[in-house]
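Colleague: okay, here's the prediction I keep looking at, along with the sequence it came from:
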Amino acid sequence: MHPNNFDTNLKMNDELDNNTDRLEPMLDQIKDLFFEFGIKNLNMDDISHKLGISKKTLYRFVKSKEDLIAKLFDYEQLKWVENINSIGSQKVNAIEILFKVSLLVYEEMKRFNPMLLFELRKYYEQVFIDHHSKKLAHISKSMKFNLEQGIAEGLYRKDVNSEAVVAIYMNYLVEIHNSDICKVADLKFDELFGVMFENHIRAISTTVGVAYFENRKKEITESLSKNSN
């Protein structure tokens, strides 16, 4: 490769990085477009038209549609971490924090329809895998910290296997969105989620933790119903 060409590519990449902050206000709109029309059905012409900008302008911010999706995932991951950190900073106990984080996962995955997931896995597999791995790693880290907090507060049992507990609960969170169990059992999604959360709490909690959950169960159930409407 000619040195001048190499330098030009570096400048182009630097320019793209510098434009990321300017792209972010558009990313929420782009996400809504993907949810409404699907990923495959929208090309860069469609996206730029919906945003009210030229395709040339859009290509100042991203190199390709795949790059756009990657940047959208990065943006969503940043917001996700901010939301988790905000919940973690609240002056409430581990059970309250776990419910709030679980509800955040529930809300996000409920909107992630199967067709969108199918398109991401089929056409942008590596981008999706990278994002999904980061998300799961962050949830896992947050849950392990939550277990430590709950044990210190006397709400969770000291003898829990943290690695196994986190792996099982995360699998439940993901799989209830990927299966047809709600249709087969004629259940609403929030009902299934509520039972899953209760079973998890009862499995890892001390008598003090179970008693606390019993006192909060009605409000937690109402929160789920409210968020499912």
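Modeller: Structure's in. What do you need? Residues are numbered from 1 along each chain as shown.

Colleague: Met109 is in contact with Leu173, isn't it?
Modeller: Yes: in this structure, Met109 is within contact of Leu173 by CB atoms under 8 Å, at 7.4 Å. All C-beta atoms are positioned from the backbone trio N, CA, C, and that covers glycine.

Colleague: looking at these two, which is more packed in?
Modeller: The residue with more neighbours, out of Met109 and Leu173 and counting by other CB atoms under 10 Å, is Leu173; that gives 21 against 17.

Colleague: quick check: the more buried one is in a helix.
Modeller: Yes: with the criterion set as DSSP: H, G, I helix; E, B strand; the rest coil, the secondary structure at Leu173 is a helix.

Colleague: shared neighbours of Met109 and Leu173, anything?
Modeller: The contact sets of Met109 and Leu173 do not overlap (CB atoms under 8 Å, 6 or more residues apart in numbering).

Colleague: how about the helix or strand hosting Glu108 as PDB, C-alpha atoms only?
Modeller: When elements are assigned from DSSP states H and E, Glu108 belongs to helix 94-111. Extracted in PDB, the C-alpha atoms of helix 94-111 (Å, rounded to 0.1, in the frame of the first residue of the first chain):
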ATOM      1  CA  ALA A  94     -29.900  -5.900  46.800                       C
ATOM      2  CA  ILE A  95     -33.400  -7.300  46.100                       C
ATOM      3  CA  GLU A  96     -34.700  -3.900  45.000                       C
ATOM      4  CA  ILE A  97     -31.700  -3.400  42.800                       C
ATOM      5  CA  LEU A  98     -32.000  -6.900  41.200                       C
ATOM      6  CA  PHE A  99     -35.600  -6.300  40.500                       C
ATOM      7  CA  LYS A 100     -35.000  -2.900  38.800                       C
ATOM      8  CA  VAL A 101     -32.100  -4.300  36.700                       C
ATOM      9  CA  SER A 102     -34.200  -7.400  35.800                       C
ATOM     10  CA  LEU A 103     -37.100  -5.100  34.800                       C
ATOM     11  CA  LEU A 104     -34.700  -3.100  32.600                       C
ATOM     12  CA  VAL A 105     -33.700  -6.300  30.800                       C
ATOM     13  CA  TYR A 106     -37.300  -7.300  30.500                       C
ATOM     14  CA  GLU A 107     -38.300  -4.000  29.000                       C
ATOM     15  CA  GLU A 108     -35.500  -4.000  26.500                       C
ATOM     16  CA  MET A 109     -36.000  -7.600  25.400                       C
ATOM     17  CA  LYS A 110     -39.700  -7.300  25.200                       C
ATOM     18  CA  ARG A 111     -39.300  -4.700  22.400                       C
END
